[in-house]
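quick one, what's the 3D model for this:
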Amino acid sequence: MTDDRRPATEDGRPKAGGVRRRTAREAIGLVTDDFTELPAPAGEYRTDGPLSWQGYDASRARAADRTGEEESVVCGTATVGGITAVLISFEFGFLGGSLGERTGDRLEAAYTYAREARVPLVSLVATGGSRVQEGMRALVQLQRVAGQSARTRQAGLPQVAVLLDPTTGGGWATLGAGADVILALPGAEVGFAGSRVRPPDADPAAYTAEAQLAAGAIDAVVPSQELARALGRWLHLLSHPSTEPAPPPPALGVTELPATGWDAVRNARSPQRPHAAAYLDAYFTHRAAISGDRCGGTDEGMLCGFGERPDATGRTHTVAYAAQTGTPTRPAGYRTAARLIRLADRLRIPVLTLVDTPGAANDAAAEGHGAGAAIAELFGAVAAADTPITTLLIGEGGSGGALALAAPTNTWATPDSYFSVIAPEAAAAILKRPQDEVRATADQLRIRPQDLVDLGVVRGIVDTKDPS
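The predicted structure is shown next:
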């Protein structure tokens with residue numbers, strides 16, 4: 001494999017920054033050695049395009065000569081990690097990988113083929129945006145692509161984007177950012193504003209794959225030598241849903257039930273208690289994470305993704321997961337979980353959620369980032385989901401910030417957990433009780449796992465054996 005930071009050229013000019021720019025065929029070669037090109041849709045170019053832009057025909061001819069391609073995208077079918085998919089690869093050397101009318105024809109045909117064949121669609125994106133020489137006729141291709149993407153989502157087919165260098169403009173705002181899972185190569189330029197149109201004082205570091213990952217806009221940065229394996233795993237995960245609801249995991253911590261409400265709180269807050277990562281590692285043979293809420297935020301306290309579990313025959317099937325890690329959940333965490341549940345619902349993948357938080361983050365920053373709206377979004381995603389959701393309470397269940405992640409009729413509890421309308425300390429404060437009455441308040445709230453069963457809040461208490 002080639003290094004991601006080797007100098008290269010595009011459109012006959014040196015590429016600044018040393019990031020490797022690949023041709024469409026080279027990008028395809030990163031992920032598969034089994035590619036069959038789809039026939040190009042019938043259609044003729046008007047002389048110098050829809051605007052009669054003088055010299056446009058000559059520019060296209062030079063681009064074709066230089067790249068060996070007839071347009072800025074190459075579309076076909078491929079086998080990636082054993083999964084058949086439709087592959088769209090952008091040729092940046094062809095007029096900057098820009099989208100024009102004939103590009104739109106090819107993209108529409110590729111999306112249509114994916115739906116007819118019932119296979120995932122993968123986009124290898126490297127584009128500067130819409131083609132200036134075709135004016136508004138080029139720009140409206142973004143609506144056309146968005147419509148095709150929406151129909152593919154409605155058909156329940158996964159869409160994965162791999163961001164190459166550069167991914168800017170309308171291509172980023174449709175095929176890139178509109179995908180279900182977004183991967184990027186290291187150092188790739190990624191942003192809506194291309195380098196020639198952004199503010200002159202803009203920090204270039206803000207327009208990189210790494211910056212977009214930190215901002216919650218993409219799921220992972222993957223080195224080129226690992227891309228084929230990562231993409232193949234994602235396609236397998238998104239294409240092999242379990243046909244059964246996710247069974248609740250067995251308990252990993254203490255097995256004795258707490259004698260008092262305060263004992264339940266102490267058990268749930270114990271530093272020795274197993275947390276989400278331990279449960280996920282024991283539950284899945286392999287898992288891959290999604291990251292970010294797609295609107296500027298991430299939350300390390302909410303783990304979301306898809307994992308493989310073997311069935312009785314030894315075959316692996318996919319279950320989605322959203323898991324709190326014991327910290328106050330931030331708005332970005334709730335939005336990421338809602339994104340995960342909506343995606344799993346569309347792909348008919350069952351979901352496991354792990355509840356473990358003292359409550360929603362309630363600082364000024366959380367309020368400013370829409371804590372209430374984010375929690376409401378997650379409540380709505382859980383309520384609207386048709387795919388089965390299974391919840392296990394593995395630690396603290398602090399008020400609505402915990403309940404938002406819980407399945408209304410399929411929640412279980414571990415022996416070292418509690419669920420409460422509000423933390424006992426806060427309940428005592430609201431009731432104007434002295435500090436020494438916090439423990440008695442915990443008993444009154446009936447927050448122990450066995451109390452939750454009696455109250456009908458949880459279905460049962462899991463032990464160290466798999467309850468399924």
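
Glu300 against Ala323, yeah?
No - with contact defined as CB atoms under 8 Å, Glu300 does not count as touching Ala323 (11.6 Å). (C-beta placed from N, C-alpha, C; glycine too.)

those two - which one has more neighbours?
Using other CB atoms under 10 Å, the more surrounded residue of Glu300 and Ala323 is Ala323, with 25 against 11.

isn't the more buried one up against Leu354?
Yes - with contact defined as CB under 8 Å, Ala323 counts as touching Leu354 (3.7 Å).

overlap in contacts, these two.
Counting by CB atoms under 8 Å, 6 or more residues apart in numbering, the common neighbours of Ala323 and Leu354 are 276, 279-280.

now tabulate those residues in a markdown table and tack on pLDDT, neighbour count and secondary structure.
Output for these, formatted as a markdown table (pLDDT from 0 to 100; neighbours: other CB atoms under 10 Å; DSSP: H, G, I helix; E, B strand; the rest coil):
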| residue | pLDDT | neighbour count | secondary structure |
| --- | --- | --- | --- |
| Ala276 | 97 | 22 | helix |
| Tyr279 | 97 | 25 | helix |
| Leu280 | 98 | 19 | helix |
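
now, among the residues you listed, which is nearest to Glu134?
Glu134 has its nearest neighbour among those in Leu280, at 48.5 Å by CB to CB.

relative to Asp311, how far out is the closest one?
Computed as CB to CB, to the nearest Å, the Leu280 to Asp311 distance reads 18 Å.

do Gly187 as well
Gly187 sits 41 Å away from Asp311 when distances are taken as CB to CB.

do Gln450 as well
32 Å.

now do Asp263
Distance from Asp263 to Asp311, counting by CB to CB: 38 Å.

more neighbours: which of these two?
With neighbours defined as other CB under 10 Å, Asp263 and Asp311 compare such that Asp263 has more, 18 against 11.

number of residues surrounding the residue lying closest to the more buried one once chain neighbours are set aside?
Nearest residue to Asp263 in three dimensions, chain neighbours excluded: Arg448, at 7.8 Å (CB to CB, 6 or more residues apart in numbering). By other CB under 10 Å, the residues close to Arg448 number 27.

ok, now the one 10 residues further on?
Using other CB under 10 Å, Val458 has 25 other residues around it.

for it, which residues are in contact?
Here Val458 is in contact with 393, 411-413, 419, 449, 452 (criterion: CB under 8 Å, 6+ apart).

of the residues you listed, which belong to helices?
Secondary structure from DSSP state H places 449, 452 of the contacts of Val458 in helices.

relative to Gln435, which of the contacts of Val458 is nearest.
Among those, Phe419 lies closest to Gln435 (CB to CB), at 22.7 Å.

which stretches of this protein have low pLDDT?
Low-confidence segments of the chain (pLDDT under 70): 1-18, 465-468.

give me the residue at the spatial middle of it.
Geometric centre of the chain, nearest residue: Ile290, 3.9 Å, by CA atoms, centre = their mean.

can you pull the contacts of it?
By CB under 8 Å, 6+ apart, Ile290 lies in contact with 181, 219, 304-306, 336, 339-340, 343.

which residues touch the closest residue to Gln272 other than its chain neighbours?
The spatial neighbour of Gln272 that comes closest, neighbours along the chain excluded (CB to CB, 6+ apart), is Gly253 at 7.9 Å. By CB under 8 Å, 6+ apart, the residues touching Gly253 are 267, 272-274, 414-416.

tell me which stretches of the stretch 151-300 of the chain form helices.
Ranges of helices in the stretch 151-300 of the chain, per DSSP state H, counting those that start in this stretch, are 169-171, 209-214, 224-239, 261-269, 276-283.

need the residues that contact the longest one.
The contact list for helix 224-239 (CB under 8 Å, 6+ apart) reads 1-4, 20, 30-32, 80-83, 85, 120, 122, 158, 160, 162, 180-181, 183, 185, 220, 222, 286, 288, 306-308, 318, 347, 349.

buried ones among those?
Buried members of the contacts of helix 224-239, counted by 16 or more other CB atoms under 10 Å: 4, 20, 30-32, 80-81, 83, 85, 120, 122, 158, 160, 162, 180-181, 183, 185, 220, 222, 288, 306-308, 318, 347, 349.

from the chain's centre, how far out does whichever helix or strand Gly397 is part of sit?
Using DSSP states H and E, Gly397 falls within strand 389-398. Centroid separation for strand 389-398 versus its chain: 22 Å, with CA atoms, centre = their mean, to the nearest Å.

Ala344 contacts Val351, doesn't it?
Yes - in terms of CB under 8 Å, Ala344 counts as a neighbour of Val351; the distance is 5.0 Å.

and for those two, which residues touch both?
Residues within reach of Ala344 and of Val351 at once, by CB under 8 Å, 6+ apart, are 320, 385, 387.

most neighbours among those, which one?
Among the shared contacts of Ala344 and Val351, Ala320 has the most neighbours (other CB under 10 Å), with 28 neighbours.

what is the helix or strand encompassing that one packed up against?
Applying DSSP H and E as the criterion places Ala320 in strand 316-324. In terms of contacts (3 or more CB pairs under 8 Å, 6 or more residues apart in numbering; DSSP states H and E), strand 316-324 is packed against helix 224-239, helix 276-283, strand 302-310, helix 331-346, strand 351-357.

what do you get if the cut-off is 10 Å, keeping everything else the same?
When contacts are defined as 3 or more CB pairs under 10 Å, 6 or more residues apart in numbering; DSSP states H and E, strand 316-324 packs onto helix 224-239, helix 276-283, strand 286-290, strand 302-310, helix 331-346, strand 351-357, helix 371-384, strand 389-398.

so can I have TSV of those showing distance to Ala211?
Formatted as TSV, the helices and strands packed on strand 316-324 follow (distance: least, CB to CB, whole Å):
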stretch	distance to Ala211
helix 224-239	19
helix 276-283	26
strand 286-290	18
strand 302-310	21
helix 331-346	16
strand 351-357	28
helix 371-384	22
strand 389-398	33
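
which strands border the strand holding Gly397, and is each parallel or antiparallel?
Strand pairing for strand 389-398, using DSSP bridges, gives strand 351-357 (parallel), strand 411-413 (parallel), strand 418-420 (parallel).
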